[in-house]
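> okay, sequence plus prediction incoming.
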Amino acid sequence: MQLEKFQYDNKIVRQFANATVFWGIIGMSVGLLAALQLVIPNLNFGIAYTTFGRIRPIHTNAVIFAFVGNAIFMGVYYSLQRLCKARMFSDTLSKLHFWGWQIIILAAAITLSMGYTTGKEYAELEWPIDIAITLIWVIFGINFFGTIIKRRERHIYVAIWFYISTLVTIAVLHIVNSFEIPVGILKSYSWYAGVQDALVQWWYGHNAVAFFLTTPYLGLMYYFLPKAANRPIYSYRLSIVHFWSLIFLYIWAGPHHLLYTALPDWAQSLGVVFSVMLIAPSWGGMLNGLLTLRGAWDKVREEPVLKFMVVALTAYGMATFEGPLLSLKNVNTISHYTDWTVAHVHVGALGWNGFLSFGVLYWLWPRLFQTQLYSKRLANIHFWIGTFGILFYVVPLYFAGFTQSLMWKEFTEEGTLRYPNFIETVQQIIPMYALRSFGGILYLSGVVLMTYNLAITAKSGVFLENEDAEAAALTPILHETGETWHRMLERKPVKMMIISLIVILIGGIIEMVPTFLIKSNIPSISNVKPYSPLELQGRDIYLREGCYNCHSQMVRPFRDEVVRYGDYSKAGEYVYDHPFQWGSKRTGPDLQRVGGKYPDSWHYNHMLEPVSMSPGSIMPTYSWLFDNQLDTSTTEAKIRAMQILGVPYPEGYDKIANNDLRKQAEQITTSLKKDGIKDAISDTEIIALIAYLQRLGTDIKVENKQVTITKQNTTK
Amino acid sequence: MSALILLLGVSFIVSVGFLIVCISAIKNGQYEDDYTPSVRILFEDKPMPKQPLQQQSDNSTNEHK
């Protein structure tokens, strides 16, 4: 057999590795800042760019798409070449992919801090960046499948299947969730509204966890763990079974993020059932990884790489056990909107994603530089402070979550809320927030230590840019009789890709199409009217400042929530919400029924100095809203975009919308002046925000009055 | 509610379908060679003649240090 000589491209691997460490430190530092802001509100610095509402999306986007993203590419570019026994399809595409991705990250950081956001969690980036992501993803796809096609090893190893499912699904998710109508260079409205937007968004959000944080990392695990332990995976058969069942089940579980919300009940139940079933394939993966080390636990004692991987797998197992539990309705009643969810995702993020990335980096780096790791001792120290960092992060937040929820729900014997003032429940958990920040500091210091260790290692070695390799060329396929379908599939990446796409889409379509088509899912409420132009502008300020990062807009049908906030939310109330703003955690109270609850002047003073109205509040001040002039030049375009999306503004309304806007602004200013606020200016942004807040949830209050009136009429 | 019944029906059919495929795959000897690929990845593709023997065994010696 003729041996072919070729070279593996290590340069691209090193570039992605560098980017992983660099963005990891930045993303985690920003996360630490966000954590500290909850303890010391002064760390918001009183300026727009550094307030919590903008910092948190930067943190989440940076750690998910920059840190984890680059780590995925690092691992894929290293393992794919070796598993296919081929150099990457095109060095130019590799380069384009690398630099394109870094520019996207940079653009994301800049635009998010400037307040350009779609207002959809984990999909905050605006439309030009969305398009750039799609393009770079396609480049990655061509490079990826090109490599598979020119491979010198017929069998496609299980890790590659995981990569394939990631590539395909992320593309589908990103495109479906990013349907938006541009209204400016960096502003767009989600194509979907209200309940449907929520369903699509959490279908995306959940599957981003599945196919960005889970499947590619399982792929990495299936390559790097056997390599690091120098023994084959425990059961290759289990890996096949677990792969197919995982991708099929994951796609259905999204609605568990929306339990007890205005989402149709059947969709909620569907999400729960599939979430519970997910335990099986998830634990299949975890056990397969851990059992690989059977008989080799002595190696784990000595090798920091394996230690990191073992904790990563354990964290994966815990997170995927906790996830299905959280998706049970009775557990979700307690956990949802609390910091329990934040703790849950950080078990996965810090433990599974973080530790596996570190393990891979420690294993990879000496090989790239043809040397030994500078210090195993430092790596061990990193391992321990990282592990304690996770514990200090997660455990206090579990307590915080329980405490919050129990306090929210507690009634006195007389039947009133024990803690009617929301701020009491916030004050109670601030010590836990402080401990959590300490955990974050530990974890981050570990990463800094690793960076030092890797840097010295690199200095002591010589970088091997192109690694020589040789392998036999593929011989033409002889059609064996009795060959099974899966074996055939394993040799055909394109067919394989199409089939995984179909499997994934079945779940998505069945889940979404009925919601879109069946009108009965959204009982239309005649009193729900489109936002006035001023309210619409105010809503965009609400989005820009990232209010949804701390405030939900969804009152669940529980006694305590109805007593605390008001009537529970109905699906029909959100039909004009592009995008929906249900939120996912309540660091502050729900705002769905805040309209009309306080006078305009309360909001004015509260936004200027939250503690003046709500002593002990950890909300940042929003002083710039009082200086910034409201940009009314966008009103026309915004109204027109809304009309295209089906919001029933009268024809030609876009031309006269600004007249209404000014009228309403004048009214609010007059009411403010009546309350003694002499320096209220009618064309500032704060007026628009007040208009929006005062509108929230009020439509349905009108309806209730009418219902009682009609009832009275009928009884007469 | 009809949508829920539809969904349960569809997911039931799909899961049963998967079960059938899985069983038939096992019966057809689908997973006969479920070992070689897992071992194959452990080998490096370093060119044979160029490298002195010492470097080739680099990996295994690293593990034991």
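Great, that's in hand.
> and whichever strand or helix holds A:A208, how far out from the chain middle?
In this assignment (DSSP states H and E), A:A208 forms part of helix A:194-208. Here helix A:194-208 is found 11 Å from its chain centre; the criterion is CA atoms, centre = their mean, to the nearest Å.
> can you list the helices and strands that the very next helix or strand once past that helix packs against?
Using DSSP H and E, the helix or strand that follows helix A:194-208 towards the C-terminus is helix A:215-229. Applying 3 or more CB pairs under 8 Å, 6 or more residues apart in numbering or on different chains; DSSP states H and E, we find helix A:215-229 packed against helix A:69-84, helix A:158-177, helix A:236-250, helix A:279-292, helix A:304-326, helix A:355-368. Just so you know, the C-beta spots here come from the backbone N, C-alpha and C atoms, and that holds for glycine as well.
> of all those helices, which one is nearest A:A349?
helix A:304-326 (8.9 Å; CB to CB).
> which elements pack onto the helix or strand just after the closest one?
Sequence order places helix A:329-335 as the next helix or strand after helix A:304-326, per DSSP H and E. Other helices and strands packing on helix A:329-335, by 3+ CB pairs under 8 Å, 6+ apart, are helix A:304-326, helix A:339-346, helix A:376-409.
> any chance of a markdown table for those helices, columns distance to chain B, mean pLDDT and mean neighbour count?
Shown next, in a markdown table, are these (distance: least, CB to the nearest CB, whole Å; pLDDT from 0 to 100; neighbours: other CB atoms under 10 Å in any protein chain shown):
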| stretch | distance to chain B | mean pLDDT | mean neighbour count |
| --- | --- | --- | --- |
| helix A:304-326 | 10 | 96 | 22 |
| helix A:339-346 | 26 | 95 | 21 |
| helix A:376-409 | 9 | 96 | 20 |
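> and those helices: which comes nearest A:N628?
Closest among the helices and strands packed on helix A:329-335, using CB to CB: helix A:339-346, at 31.0 Å.
> so how far is stretch A:204-221 off the chain centroid?
Using CA atoms, centre = their mean, the offset of stretch A:204-221 from its chain centre is 12 Å.
> how long is it end to end?
This stretch, stretch A:204-221, spans 24 Å end to end (CA to CA, to the nearest Å).
> for the record, mean pLDDT for it?
Averaged across stretch A:204-221, pLDDT comes to 91.
> what of stretch A:590-609?
On average, stretch A:590-609 scores 94.
> next one: stretch A:693-708
72.
> quick check, A:G676 in a helix?
No - assigned with DSSP: H, G, I helix; E, B strand; the rest coil, A:G676 falls outside any helix and is coil.
> next one, pLDDT for it please.
90.
> just give the closest residue to it, not the sequence neighbours.
A:S601 (7.2 Å; CB to CB, 6 or more residues apart in numbering or on different chains).
> that neighbour: neighbour count?
Other residues within reach of A:S601 by the criterion other CB atoms under 10 Å in any protein chain shown amount to 18.
> could you check how far it is from A:K674?
Distance of A:S601 to A:K674, given as CB to CB, to the nearest Å: 8 Å.
> now tell me what touches stretch A:307-316 from outside.
Outside stretch A:307-316, the residues that touch it by CB atoms under 8 Å, 6 or more residues apart in numbering or on different chains are A:214, A:217, A:221, A:224-225, A:228, A:282, A:285-286, A:289-290, A:293, A:300, A:347-348, A:350-356, A:358-359, A:362, A:380, A:383, A:386-387, A:390.
> filter those residues down to the buried ones, PyMOL style.
In PyMOL, a selection of the buried entries from these looks like this (16 or more other CB atoms under 10 Å in any protein chain shown):
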select buried, chain A and resi 214+217+221+224+225+228+282+285+286+289+290+293+300+347+348+350+351+352+353+354+355+356+358+359+362+383+386+387+390
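> low-scoring stretches of the chain, by residue?
All of this is about chain A. Within chain A, the segments meeting pLDDT under 70 span A:1, A:476-485, A:488, A:491, A:507, A:509-523, A:702-716.
> that's the wrong chain, I meant chain B
B:1-32, B:48-65.
> distance of A:I700 from chain B?
24 Å (CB to the nearest CB, to the nearest Å).
> mind listing what that residue touches?
So A:I700 contacts A:I525, A:N527, A:V528, A:D567, A:K570, A:E573 (CB under 8 Å, 6+ apart).
> help me confirm that the second one comes into contact with A:T698.
When you say that, I think you mean A:N527. No - under the criterion of CB atoms under 8 Å, A:N527 is not in contact with A:T698, lying 9.5 Å apart.
> re earlier: can you put the contacts of A:I700 in a markdown table and add secondary structure and neighbour count?
Formatted as a markdown table, those follow (DSSP: H, G, I helix; E, B strand; the rest coil; neighbours: other CB atoms under 10 Å in any protein chain shown):
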| residue | secondary structure | neighbour count |
| --- | --- | --- |
| A:I525 | coil | 16 |
| A:N527 | coil | 16 |
| A:V528 | coil | 17 |
| A:D567 | coil | 17 |
| A:K570 | coil | 19 |
| A:E573 | helix | 26 |
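> A:D654: which of those is nearest?
Among the contacts of A:I700, and counting by CB to CB, the member closest to A:D654 is A:V528, at 20.9 Å.
> next, the contact list for the closest residue to that closest one other than its chain neighbours, please.
The shortest distance from A:V528 to any non-neighbouring residue, by CB to CB, 6+ apart, is to A:D699 (4.6 Å). If you count contacts by CB under 8 Å, 6+ apart, A:D699 has them with A:I525, A:N527, A:V528, A:K529, A:E573.
> adding distance to A:P232, write the residues you listed out as CSV.
Listed next are the contacts of A:D699 as CSV, based on distance: CB to CB, whole Å:
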residue, distance to A:P232
A:I525, 60
A:N527, 65
A:V528, 60
A:K529, 64
A:E573, 56
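> widest-spaced pair of these?
A:K529 and A:E573, at 10.8 Å, using CB to CB across these.
> please see if the helix holding A:A208 touches chain B.
No - if you take CB under 8 Å from any CB of the partner chain as the test, helix A:194-208 misses chain B, and the best it gets is 12.8 Å.
> stretch A:139-157 too?
Yes - shown here: stretch A:139-157 in contact with chain B (CB under 8 Å from any CB) through A:E153, A:H155, A:Y157.
> which of the residues in that stretch are buried?
Residues of stretch A:139-157 classed as buried by neighbour count (16+ other CB under 10 Å): A:139-141, A:143-145, A:147-148, A:151-153, A:155-157.
> of all the residues you listed, which comes closest to A:F399?
Distances from A:F399 to the buried residues of stretch A:139-157, taken by CB to CB, are shortest for A:F140, at 41.4 Å.
> ok, the closest one touching A:F98?
No - with contact defined as CB under 8 Å, A:F140 does not reach A:F98; the gap is 9.8 Å.
> need the residues touching each of these two.
Common neighbours of A:F140 and A:F98 (CB under 8 Å, 6+ apart) are A:F73.
> picking up where we left off before, to A:G508, which of the helices and strands packed on helix A:329-335 lies closest?
Distance to A:G508, taken as CB to CB, is lowest for helix A:304-326 among the helices and strands packed on helix A:329-335, at 19.3 Å.
> okay, angle between that closest one and helix A:279-292 too, please.
160 degrees (axes from the mean of the first three to the mean of the last three CA atoms, to 10 degrees).
> so what's the gap between helix A:304-326 and the chain middle?
Relative to its chain's centre, helix A:304-326 lies at 19 Å (CA atoms, centre = their mean).
> equivalent analysis for stretch A:125-132, please.
With CA atoms, centre = their mean, you get 16 Å for stretch A:125-132.
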